[in-house]
Structures are given as structure tokens and as C-alpha cells.
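Colleague: 3D, please:
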Amino acid sequence: MTEWLSRMFALTLLALAGVGILAEARAQTTPPAAEAERASDRDANYYYPPPQSREVYRSIATTLADSTRERRLGFVIGMTREMLNYHYAPQFIMFAKGDEANRLIIVAITDSAYNTLYRARALFAMLTAIARLTPYFKENAVSAVYNFFDLCKLLGFTQLTWSDGKTLAHQVEIK
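Modeller: Predicted structure coming up:
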């Protein structure tokens, strides 16, 4: 578990430092299609059931100017690589969707993990603990107040959808 925390710490640091796994950076723009995408959830019934609950998280963080589609994809790819390097199967899969990869989706892939909203919130608490270890959070004196949703905001994610991969889904709009 300590090795896992160290790796997650390093990944978060890379994402916040702007060292993306994808080499080319694009200018950050929000095409009109991205606005329409938010209005309809085209991923429901494909990656997860229609969300039974929704919430709006109003972050006090500001999206970093260099948080591009590539940075968000790099963050997700890095997290996935790390999970696949363990000696056990991952408990969830994380991926980004949308033209700008601004929708983060987390789906549990086993029946015994993250199968309730409370367990998902525990996952977010664990991811918050990891994010708070990063130099960015410490150097900007936000480690006591920012959480995983704030990290999502810094990276430019506008929505997070969690699902148990079976019957439950919860959506968080990040503003």
C-alpha cells in the first residue's frame, strides 16, 4: 500500500507540474459541441447506468491555465498504468470522455468494491489524501482545504461520474 501511495503521489505531481504523458499540448478551448455534450449524458447506459443522484461541487480552486485535454488524458493514463503494475487486479477503472476529455468517469469493476455511494466517497477521501501530499497543494497552502474534486478542477475536469458498474451511478458537476 505504501508503494501505491508513493506512485499516486508521483502521478499527481506529474499532472500538476505539467509533465504530461502525451507529448503535444493543444491550446485550451471549449468548442460549442462541448457545451451541448454537458446537456445530454451520452455515456449513460453505455459506461454506467443513468445517474440516480447528482450534486454540484463549487470548487474554490481555479483551473490551471495549462490544463489541456492532453494533461487530463495523461493523468488518467498514468493512473491506469500504475494500477496495472500492481500484483493484484484494480478495483476500479478511471477514464476521461468528451471532446476535451473534461468528464472523468470512475467505474468499479468488482462486486465487492465501491458498490455504494459511501464506499465511493471513501475512495474520494483516499484520493484526497494522496492529492494533499503533492508539492502543489503544500506550496500553495491548500493541502488543508482542497480535496480530490478540487484536483479535478485544477486539471480542468468539469464533471465526475462514479458508478458501481452495475446499478448505481452518481454524478458531480464541478464548477
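Colleague: gap between the most centrally placed residue in the chain and Thr116?
Modeller: In the chain, the residue lying closest to the centroid (CA atoms, centre = their mean) is Leu104, at 4.8 Å. Plainly put, Leu104 is 20 Å away from Thr116 if you go by CB to CB, to the nearest Å. For every residue, glycine as well, the C-beta is placed using N, CA and C.
Colleague: that older thread, the residue nearest to the centre of the chain in helix, strand or coil?
Modeller: strand (DSSP: H, G, I helix; E, B strand; the rest coil).
Colleague: look at Arg121 and report its pLDDT.
Modeller: Note on Arg121: pLDDT of 93.
Colleague: contacting residues around the helix or strand in which it is found?
Modeller: Assigning secondary structure by DSSP states H and E places Arg121 in helix 117-131. With CB atoms under 8 Å, 6 or more residues apart in numbering as the test, helix 117-131 has contacts from 5, 8-9, 12, 53, 92, 106, 108, 113-114, 137, 146-151, 162, 164, 168, 170.
Colleague: any idea where the strands of the protein begin and end?
Modeller: 53-57, 92-97, 103-108, 159-163, 169-174 (DSSP state E).
Colleague: make JSON lines from these and add distance to Arg71 and mean pLDDT to it.
Modeller: Below are the strands of the chain laid out as JSON lines (distance: least, CB to CB, whole Å; pLDDT from 0 to 100):
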{"stretch": "strand 53-57", "distance to Arg71": "20", "mean pLDDT": "96"}
{"stretch": "strand 92-97", "distance to Arg71": "10", "mean pLDDT": "95"}
{"stretch": "strand 103-108", "distance to Arg71": "13", "mean pLDDT": "97"}
{"stretch": "strand 159-163", "distance to Arg71": "16", "mean pLDDT": "97"}
{"stretch": "strand 169-174", "distance to Arg71": "15", "mean pLDDT": "97"}
